[in-house]
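Visitor: What would the 3D arrangement of this be:
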Amino acid sequence: MHTTSQDSIVFALFLIFSGAAVFATLALYARQALPIAYIVLGIFIGPYGLRLIDNASSIEEMAQIGIMFLLFLLGLDLSPQRLLQMLRKATVITVGTSLAFALVGGGCAWSFGYSVGESLLVGAAMTFSSTIIGLKLLPTRTLHHQHTGEIIISILLLQDLIAIAILLLLEGLGGRGSSVQGLGLLIITLPMLLGFAYLSSRYVLIPLIRKFDKIREYIFLTAIGWCLCISQIAALLGLSYAIGAFIGGVALATSPIALYIADSLRPLRDFFLVLFFFSLGASFDLGMLGAVWLPTLLLSALLLILKPWIFRGFLQWAGERPRVAMEVGVRLGQVSEFALLIAVLAQQNQLIGREASYLVQATTLLTFIASTYYLVLHYPTPVAISDSLRRD
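Guide: Numbering: from 1, shown residues only. Model prediction:
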């Protein structure tokens, strides 16, 4: 019997999700965040490891759907009222700390001989903290951690908005023709897409959802169709699928059932995000570590040490107690999964070299691992090593 392409995809999915279950189990015993397990699995069985999956192109295409749903759900959470409230609370803190982290990252990259453009992008990638680690390792049942969670969510939300702006800028700079032409195309097409999404959702989609809101299957299918539709229109206009998905989510954020849509799509998002993190690991060439190990170690050490203290300084200036300020800083002391997106997209658009992209990716993974270990050893988390620190 000949193996068809469909058979190979099924076999690849079998390897990915069976392996993910095994590696996730090991990660939980090691008190690590699950995305690390998926990335390590990709390195282990991917083209640069055992080569059980030698051609990951089809997996990468499916993985992009996970990013689309991730940004779609992020958009759904951005109701205008909540966004304004968050802006008032955390704008100065987020902007100030982001500039500080960008200087650290960019300065470190520049000192190792990277170009000015590459150093700027490395610095931009270092400004964000991980939403996955920040929220997944945060207890929510005590008043103390409810307040801590509000601070963390405010900062992460504004960081996500900055990340979206950087991704949009990369889309413009990576457009066809010159950078000016790419940015010009972005300035024209983005308002067109925003207007279309807003009008379509207000006068077509939301009325339909309200009319048939008792049929959950219909809402589920409509939300997926809407996400993919706006993503496809964005691609036709020269933007990315992910940016289109984000705009589609924002357009639905005022809907009364936005929270229900978000809850319904999270399992689907998680399915494709496993593929995304796996594809990142599968595309990570361990041979490149020889070229970036020293700047990776130095940059990771600087961020892991400085991020908590910089956050603490800004939060204390804003009136938070020192203990709360330090805990927030430690919980946000790693680099974000958005840094991986920025590194991959910048390399695809030929805005940075392969080595600079691997510096961002390796630094992100190293801070993921080190930050998670420190958190579970010293602060209450759902997966803490000590029973006295294990809280839901």
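Visitor: Report the contact partners of the nearest residue to residue 126 once chain neighbours are set aside.
Guide: Spatially, and ignoring its direct neighbours in sequence, residue 126 is nearest to residue 105 (3.1 Å; C-beta to C-beta, 6 or more residues apart in numbering). (Glycine included, C-beta is placed from N, CA and C.) Contacts for residue 105 (C-beta atoms under 8 Å, 6 or more residues apart in numbering) come out as 122-127, 299, 303.
Visitor: Report the rounded mean pLDDT for the host helix or strand of residue 105.
Guide: Residue 105 is part of helix 80-111 when elements are defined by DSSP states H and E. Helix 80-111 shows a mean pLDDT of 83.
Visitor: Could you do stretch 321-333 as well?
Guide: 91.
Visitor: how about that stretch: buried residues?
Guide: Residues of stretch 321-333 classed as buried by neighbour count (16 or more other C-beta atoms under 10 Å): 324-333.
Visitor: Not counting it itself, show me its contacts.
Guide: By C-beta under 8 Å, 6+ apart, the residues outside stretch 321-333 that reach it are 129, 133-134, 137-138, 144, 147-148, 151-152, 155-156, 303-304, 307-313, 315-316, 320, 367, 371, 374-375, 378-379.
Visitor: Give me the buried subset of those residues.
Guide: 129, 133-134, 137-138, 148, 151-152, 155-156, 303-304, 307-308, 310-313, 315, 320, 367, 371, 374-375, 379.
Visitor: Looking at those residues, which are in helices?
Guide: Assigned to helices by DSSP state H, the following of the buried ones among the contacts of stretch 321-333 qualify: 133-134, 148, 151-152, 155-156, 303-304, 307-308, 310-313, 315, 367, 371, 374-375.
Visitor: so residue 266 makes contact with residue 73?
Guide: Yes - Residue 266 lies in contact with residue 73 (C-beta atoms under 8 Å); the separation is 6.9 Å.
Visitor: which SS class is residue 54?
Guide: Taking DSSP: H, G, I helix; E, B strand; the rest coil as the rule, one finds residue 54 in the coil state.
Visitor: mind checking how far the closest residue in space to it that isn't next to it in sequence is from residue 226?
Guide: The shortest distance from residue 54 to any non-neighbouring residue, by C-beta to C-beta, 6+ apart, is to residue 47 (5.4 Å). In this view, residue 47 and residue 226 are 35 Å apart by C-beta to C-beta, to the nearest Å.
Visitor: which of the two has more neighbours?
Guide: residue 226 (23 against 17; other C-beta atoms under 10 Å).
Visitor: show me the contacts for the more buried one.
Guide: Taking C-beta under 8 Å, 6+ apart, one finds 201, 205, 248, 252 in contact with residue 226.
Visitor: and which of the residues you listed is nearest to residue 16?
Guide: Proximity of the contacts of residue 226 to residue 16 (C-beta to C-beta) peaks at residue 248, which lies at 27.1 Å.
Visitor: Now the one helix or strand the closest one maps to: buried residues?
Guide: Residue 248 is located in helix 241-252, with elements delineated by DSSP H and E. Residues of helix 241-252 classed as buried: 241-252 (neighbour count, 16+ other C-beta under 10 Å).
Visitor: Could you do stretch 257-268 as well?
Guide: 257-258, 260-262, 264-265, 268.
Visitor: Reformat the residues you listed as CSV; add distance to residue 17 and secondary structure.
Guide: Formatted as CSV, the buried residues of stretch 257-268 follow (distance: C-beta to C-beta, whole Å; DSSP: H, G, I helix; E, B strand; the rest coil):
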residue, distance to residue 17, secondary structure
257, 30, coil
258, 29, helix
260, 27, helix
261, 25, helix
262, 23, helix
264, 21, helix
265, 19, helix
268, 14, helix
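Visitor: how close does the residue lying closest to residue 286 once chain neighbours are set aside sit to residue 41?
Guide: Closest residue in space to residue 286, ignoring its immediate chain neighbours: residue 48 at 5.7 Å, by C-beta to C-beta, 6+ apart. Distance of residue 48 to residue 41, given as C-beta to C-beta: 13 Å.
Visitor: what does residue 264 give?
Guide: Using C-beta to C-beta, residue 264 is found at 27 Å from residue 41.
Visitor: re earlier: which one (most neighbours) among the contacts of residue 105?
Guide: Neighbour max across those (other C-beta under 10 Å) = residue 125, 32 neighbours.
Visitor: Tell me the secondary structure at the residue nearest to residue 54.
Guide: Assigned with three-state DSSP, residue 47 falls in the coil class.
Visitor: wait, it sits on residue 279?
Guide: No - the pair residue 47 and residue 279 does not pass the contact test of C-beta under 8 Å, sitting 10.7 Å apart.
Visitor: list the contacts for residue 190?
Guide: 168, 239.
Visitor: oh sorry, the question was meant for residue 229
Guide: residue 248.
Visitor: before we move on, which element is it in?
Guide: helix 216-236.
Visitor: Tell me what angle that helix forms with helix 241-252.
Guide: If you take axes from the mean of the first three to the mean of the last three C-alpha atoms, to 10 degrees, helix 216-236 sits at 130 degrees to helix 241-252.
Visitor: List the buried residues of helix 216-236.
Guide: 219, 222-224, 226-231, 233-234.
Visitor: Kindly reformat those residues as CSV containing pLDDT and distance to residue 26.
Guide: CSV is the format used below for those (pLDDT from 0 to 100; distance: C-beta to C-beta, whole Å):
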residue, pLDDT, distance to residue 26
219, 87, 37
222, 91, 39
223, 90, 34
224, 91, 33
226, 93, 38
227, 92, 33
228, 92, 35
229, 93, 40
230, 92, 38
231, 90, 35
233, 91, 42
234, 86, 38
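Visitor: any low-confidence regions in this protein?
Guide: 1-7, 55-58, 60, 78-89, 140-146, 172-186, 382-392 (pLDDT under 70).
Visitor: could you say what helices and strands the helix or strand that contains residue 298 packs with?
Guide: Following DSSP H and E, one finds residue 298 within helix 289-317. Packing partners of helix 289-317 (3 or more C-beta pairs under 8 Å, 6 or more residues apart in numbering; DSSP states H and E): helix 80-111, helix 322-331, helix 354-378.
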